[in-house]
Structures are given as C-alpha cells and as structure tokens.
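Trainee: requesting a structural model of the entry that follows:
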Amino acid sequence: MAILFPVNGIHPQMGNNCFIAPNATIVGDVTMGDDCSVWFNAVVRGDVNSIRIGNRVNIQDGAVIHCTFEKTKTIIGNKVSIGHNAIVHGCVIEENVLIGMGAIVMDNAHIGSNSIIAAGAVVLENTVVEPGSIYAGVPAKKVKNISQELINGEINRIADNYLKYSSWFKEM
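Mentor: From the prediction side, this is the model:
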C-alpha cells in the first residue's frame, strides 16, 4: 500500500480518479487534482513547503517532487508528465509540459506552457523557460521552438497514455 503520511497535521489530498502505486510515497502539504498518477518508487514530499499539482499529471517511476523550507513551493499545472527519475524542486511548471527522464528542475525555475525539458537536462535555479520551447543540456538552454506536431505527438500523447496506463491498475 502507498505511503501517505501527514506532516505537522497536514495530510496529502488527492483528487478523483487518481492512481497511487503501492510503493509511492506522498507526505505532508500535497494537493493533487483529478486523474493524476504517482508511479512506482516516486516520492512527493510536501514536508518543508507546499506542493500543488493540477489535473492529469503523471509522476513517473522514481521521480522526486520536493521544495525548500520557507523559500520555494512547487506548483505543477494541468497535463504535465514528469519522466522517470526526474527531480522537480521548488519550481513552477505551467500546463502541457513534458519533463524528460532524469531531468532536474531546480528552485525558482519557471517552465512555460507547451514546453519540453529534454531527458537528462538540468534547469538551473531562476531559469525561465519560454512557453512553447525545448530546453536541453547541462545547464539547460533553449534548443528550438516546439512545433504543434511535438505538442500533439509527445506532450499530449504521453499524458493521454499515462491516464490509460493508470486505468489498468484500478483493480488493485
């Protein structure tokens, strides 16, 4: 069964139709919207500050969502996919975003809507990612504007697939 713990009397809050894997961990001041999924070995730690997660967000296997004590909250918009083993820490991610596998997004970064952070990229503190762009590298830099084809073929496809995948586990 998933680990869901309160911290200082604040319990995680889940929306409707969410899938939480049996070994996922969600603690403290976490509010999650509808149709979300938190996959195997993922950690969402709202112990030192708040985490707000929109609707249709998938947090894939091994990902870590955290924030910084008394400094940075984490805010994740609707229809965001956070790839396997990514770290999202004390930042804002707007709607329709793909955070690639193993990417790191650091404190006070702001990821604009309809963007992709490439696998393995490191988005440094205070970086502002333009809406509709792809950032890659260490440190992450803009490599190009995103096409409607990539929005449909990657961002929307992955978000839709994870909603489907989570339905396979509803019988657990």
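Trainee: count of residues packed around residue 120?
Mentor: For residue 120, the tally of surrounding residues (other C-beta atoms under 10 Å) stands at 17. Using the backbone N, CA and C atoms, a C-beta is placed for each residue, glycine as well.
Trainee: ranking helices and strands of the chain by mean pLDDT, which lands last?
Mentor: When the helices and strands of the chain are compared on mean pLDDT, DSSP states H and E, helix 148-150 comes out lowest with a mean of 86.
Trainee: and after that helix, which helix or strand comes next?
Mentor: Helices and strands here follow DSSP states H and E; after helix 148-150, the next one along the chain is helix 157-168.
Trainee: that next one: which residues count as buried?
Mentor: Residues 158, 159, 162, 163, 166 are the ones in helix 157-168 that count as buried (16 or more other C-beta atoms under 10 Å).
Trainee: list of residues touching it?
Mentor: By C-beta atoms under 8 Å, 6 or more residues apart in numbering, the list of residues contacting helix 157-168 from outside reads 18, 19, 35, 37, 56, 58, 60, 79, 80, 81, 96, 98.
Trainee: please apply the same query to stretch 3-17.
Mentor: By C-beta under 8 Å, 6+ apart, the list of residues contacting stretch 3-17 reads 20, 23-36, 44, 46-47, 55.
Trainee: among those, which ones are in strands?
Mentor: Applying DSSP state E to these, the entries found in strands are 20, 25, 26, 27, 28, 29, 30, 31, 32, 44, 46, 47.
Trainee: ok, of those residues, which come out buried?
Mentor: Neighbour counting with 16+ other C-beta under 10 Å marks 20, 25, 26, 27, 28, 29, 30, 32, 44, 46, 47 as buried within those.
Trainee: ok, so of those, who is nearest residue 65?
Mentor: Relative to residue 65, the closest of those is residue 44; by C-beta to C-beta it sits at 4.5 Å.
Trainee: let me see the contact set for the closest one.
Mentor: For residue 44, the contacting residues are 12, 24, 25, 26, 27, 30, 32, 38, 51, 53, 59, 65, by C-beta under 8 Å, 6+ apart.
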